[in-house]
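Asks: Following is a predicted model, sequence given first.
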Amino acid sequence: MKRHTKIVATLGPASRDPIVLEALIRAGVDVVRLNFSHGAAEEHIALAALVRQIATKLGRPVGILADLQGPKIRVGKFENDKIYLETGDHFILDAKCELGNQERVGLDYKDLPNDVSEGNVLLLDDGRIVLEVDQVLGHEIYTTVRHGGELSNSKGINRQGGGLSAPALTPKDMDDIRTAAKINVDFLAVSFPKSAADMYMARQLMLASGGHALTIAKIERVEAVAALEEILDASDGLMVARGDLAVEVGDAAVPALQKRMILLAREKNKLAITATQMMESMILSPIPTRAEVSDVANAVLDGTDAVMLSAETAAGHYPVETVESMARICLEAEKSTLIKLDHEFLDRIFTRIDQTIAMAALFAAYHLNVKAIAALTSSGSTALWMSRLNWGIPIFALTQEPASLSKMTLYREVFPLLLKEEHLDREGMRYDAEQRLLEAGVVKKGDMIAISYGDKRGVSGCTNTLTIVRVGDQPPPHN
């Protein structure tokens, strides 16, 4: 319970084994990602059940994130699985081609010829291959290779500057949302949203399917950057999806965008996940590069809630070592976090009692020698608000709601704990919180803690009380 930044790990062939999965959770994984681009619904359901079984065994909450595939804007397959394009070659993207060859290849996204015109630049395989559009004739896009290389089956296509019209939610995504609701995932990541409407639709589909996942907008389109605030207002958080984003806006623009997105998320009381190639070399190496260490550390210093691993844990040779390395880097970076809480309170206006109590707890803890904050919460909102002002004190969110417990696994600086006992009086609530922190080993007798709670136990939005106590001073409640 020392690391404040959370770790999201993608599950795949390298991490599905129960022994490896348990080792990953022990190494520090807070949230697992189910990538719906791969695997059948039955596989995701079984894997989610295994995650929860291991988390229960370890006595540690682990969140589950379902990541939708989104529109497949990809080339089709080749007769011999791959070709090599030389700079200056002429190459055709053909919406009606079934098996590609050295001259042409098919398209999963059949409307691409309607979305491009002469002079457009198409970036394939994350920008490794660059094609310039010469002309569009019917279902065929004639191009000249400006930067060649190996092109294999199903590689992605981006248009430089964005502008592809593919909808964010495909029929497959809608089916996958129903599966995610059946699994009862905690977070739903929506790929390639262009507007707030995409996020509202995903949320409504999740609710209609009986799920209550928090929605995460993956920012990876030029259009999404332009509509960032409205998309964030319609979501519970964002993912800085740096792969496709870098291809569309240019790699040099991504670091500044990352900082802007994380800052905006914190200002709007939303979540932020930083993703893509964070520890890419550890797919094949037991140690990260110095650049990767700096990348993870900078995301932590930017204030991200979580850093995410993709192929490193899904298909890499060293999944556990990768998580251990990432956890170590996060811990070290957190030591250098700039504390500026007094500045953060300037010009802030609080209109809700529960939010005011959350801020008062932070302010009091900052100016007193408080070891921890205990937030008794039903929905987790109080803990979320506290975690948006980054300064380092651990926030222990105590709840009787299992659904809230797992959702808080993504909140930076928040450590969710399950309360089993129920007391109707204030003394009982305070005593429960104190004992839970003692049992967890995070405080000792004589330490000062701040406790926030509400008069109406188990009712969301009713936090109205803040108490500062010294551990061990209050007697057990009377039965």
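Replies: Sure, I can see it.

Asks: who's in contact with Ile329?
Replies: When contacts are counted by CB atoms under 8 Å, 6 or more residues apart in numbering, Ile329 touches 288, 293, 296-297, 300. C-betas here are computed from N, CA, C, even on glycine.

Asks: swap the cut-off to 10 Å and go again
Replies: Taking CB atoms under 10 Å, 6 or more residues apart in numbering, we find Ile329 in contact with 3, 5, 278-279, 288, 292-297, 299-300, 307.

Asks: And Asp30, by the same measure?
Replies: Contact analysis of Asp30 by CB under 10 Å, 6+ apart lists 3, 5-9, 60-63, 305-306, 327, 408-411, 415-416.

Asks: Just the ones in strands from those, please.
Replies: Among the contacts of Asp30, DSSP state E puts 6-9, 63, 306, 415-416 in strands.

Asks: Same list as before, the residues you listed that is, but in a markdown table and with distance to Ser235, neighbour count and pLDDT included.
Replies: Shown next, in a markdown table, are those (distance: CB to CB, whole Å; neighbours: other CB atoms under 10 Å; pLDDT from 0 to 100):
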| residue | distance to Ser235 | neighbour count | pLDDT |
| --- | --- | --- | --- |
| Lys6 | 18 | 25 | 98 |
| Ile7 | 21 | 24 | 98 |
| Val8 | 16 | 27 | 98 |
| Ala9 | 22 | 29 | 98 |
| Gly63 | 16 | 27 | 98 |
| Ala306 | 15 | 26 | 98 |
| Phe415 | 24 | 23 | 94 |
| Pro416 | 21 | 27 | 94 |
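
Asks: Which parts of the stretch 101-250 of the chain are helices?
Replies: 112-115, 171-183, 196-208, 222-226, 228-233, 242-249 (DSSP state H, counting those that start in this stretch).

Asks: Only C-alpha atoms, please: export the last one in PDB.
Replies: The C-alpha coordinates for helix 242-249 follow below in PDB (Å, rounded to 0.1, in the frame of the first residue of the first chain):
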ATOM      1  CA  ARG A 242      -0.600   7.100 -27.800                       C
ATOM      2  CA  GLY A 243      -0.300   4.600 -30.600                       C
ATOM      3  CA  ASP A 244      -3.000   5.600 -33.100                       C
ATOM      4  CA  LEU A 245      -2.900   9.200 -31.700                       C
ATOM      5  CA  ALA A 246       0.700   9.600 -32.600                       C
ATOM      6  CA  VAL A 247       0.100   8.400 -36.100                       C
ATOM      7  CA  GLU A 248      -2.800  10.900 -36.600                       C
ATOM      8  CA  VAL A 249      -1.300  14.000 -35.000                       C
END
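
Asks: where does the chain have low pLDDT?
Replies: Counting by pLDDT under 70, the chain has low-confidence residues at 1, 338-350, 390-391, 421-426, 456-461, 478-479.

Asks: per-domain residue ranges of it.
Replies: As given by automatic domain parsing, the domain ranges for the chain are 6-70+167-334, 77-159, 341-470.

Asks: what's around Asp176, how many residues?
Replies: Using other CB atoms under 10 Å, Asp176 is surrounded by 23 other residues.

Asks: Leaving out the residues flanking it, which one is nearest to it?
Replies: The shortest distance from Asp176 to any non-neighbouring residue, by CB to CB, 6 or more residues apart in numbering, is to Phe36 (4.6 Å).

Asks: Next, the contact list for that neighbour, please.
Replies: Phe36 is in contact with 44, 66-70, 172-173, 175-177, 179-180, 188-189, 191, counting by CB under 10 Å, 6+ apart.

Asks: List only buried entries from those.
Replies: By neighbour count, with 16 or more other CB atoms under 10 Å, the contacts of Phe36 hold 44, 66-68, 70, 173, 176-177, 179-180, 188-189, 191 as buried.

Asks: Can you tell me which of the residues you listed is nearest Ser154?
Replies: Ser154 has its nearest neighbour among the buried ones among the contacts of Phe36 in Gly70, at 14.1 Å by CB to CB.

Asks: for the closest one, what are its contacts?
Replies: Here Gly70 is in contact with 36-37, 166-170, 172-173, 189-193, 198, 218, 220-221, 244 (CB under 10 Å, 6+ apart).

Asks: Doesn't it lie inside a strand?
Replies: No - per DSSP: H, G, I helix; E, B strand; the rest coil, Gly70 lies outside any strand segment and is coil.

Asks: so how far is stretch 234-251 from its chain's centroid?
Replies: 11 Å (CA atoms, centre = their mean, to the nearest Å).
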